[in-house]
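# need a 3D model of the following:
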Amino acid sequence: MQKNYLKLFLAFLALSLLTYLYFKYDPINNLLFPKCPLHATTGIYCPGCGSQRATHALLHFDIIGVFKSNILFLPALLLVGYHYVLKTMNHFIGTTYSSILDRPNAPLITLAIVVFYWIARNLPYEVFDFLRP
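Numbering: from 1, shown residues only. Sure thing, here's the model as predicted:
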């Protein structure tokens, strides 16, 4: 039982440190944060490109900056948060709510959205400029 508390404490400590680093330092101007290897080698934006900048912007309550960095970041964060809040409620309160992420088609729909986003943000048309970080 004590190992679980130690793991939880270490996870909380690591998350707190990462939160502090992303709040204090801007990923654009700091070599502390890794660059996307796919974009660095090919010039192609992956679905996660801009997520570090979006995290920094979110910690500074710059919602426009979050969407400019990665338009899927905030919806994905909210969806994952919703999922884990329901799971935690089910565990501690004894409810039996199911998340939309528990549905059988959820992984396929998520994959389709991410692949479409990945392709669209790399198309060389002006209409897709808002998808690039």
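
# can you check which helix is longest in this protein?
Secondary structure assigned by DSSP state H gives helix 2-24 as the longest helix of the chain.

# show me what it is packed against.
helix 51-59 (3 or more C-beta pairs under 8 Å, 6 or more residues apart in numbering; DSSP states H and E). Heads up, the C-betas are built off the backbone N, CA and C, glycines and all.

# off-centre distance for the helix it packs on?
Put simply, helix 51-59 sits 9 Å off its chain's centre (C-alpha atoms, centre = their mean, to the nearest Å).

# neighbouring contacts of the helix or strand encompassing H39?
Mapping H39 onto the secondary structure by DSSP states H and E places it in helix 37-42. Residues outside helix 37-42 that contact it (C-beta atoms under 8 Å, 6 or more residues apart in numbering): I44, Y45, C46, C49.

# now do the contacts for the last one.
Pointing back at C49 there. C36, L38, H39, N70, R121, P133.

# which of the contacts of helix 37-42 fall in helices?
Per DSSP H, the contacts of helix 37-42 never map to helices.

# out of these, which are buried?
The neighbour-count criterion (16 or more other C-beta atoms under 10 Å) marks Y45, C46, C49 among the contacts of helix 37-42 as buried.

# give the closest residue to the spatially most central residue of the chain in space, chain neighbours not counted.
Centrality entry for the chain: nearest residue to the mean C-alpha point is F73, 4.7 Å, by C-alpha atoms, centre = their mean. Spatially, and ignoring its direct neighbours in sequence, F73 is nearest to A54 (4.0 Å; C-beta to C-beta, 6 or more residues apart in numbering).

# could you measure from that neighbour over to P75?
Computed with C-beta to C-beta, to the nearest Å, the distance linking A54 and P75 is 11 Å.

# so between these two, which is more surrounded?
Neighbour count, other C-beta atoms under 10 Å: between A54 and P75, A54 has more, with 28 against 11.

# and the helix or strand of the chain with the lowest mean pLDDT, how far out from the chain middle?
Least confident helix or strand, the chain: helix 2-24 with a mean of 89, by mean pLDDT, DSSP states H and E. For helix 2-24, the distance from its own C-alpha centre to the chain's C-alpha centre is 17 Å (C-alpha atoms, centre = their mean).
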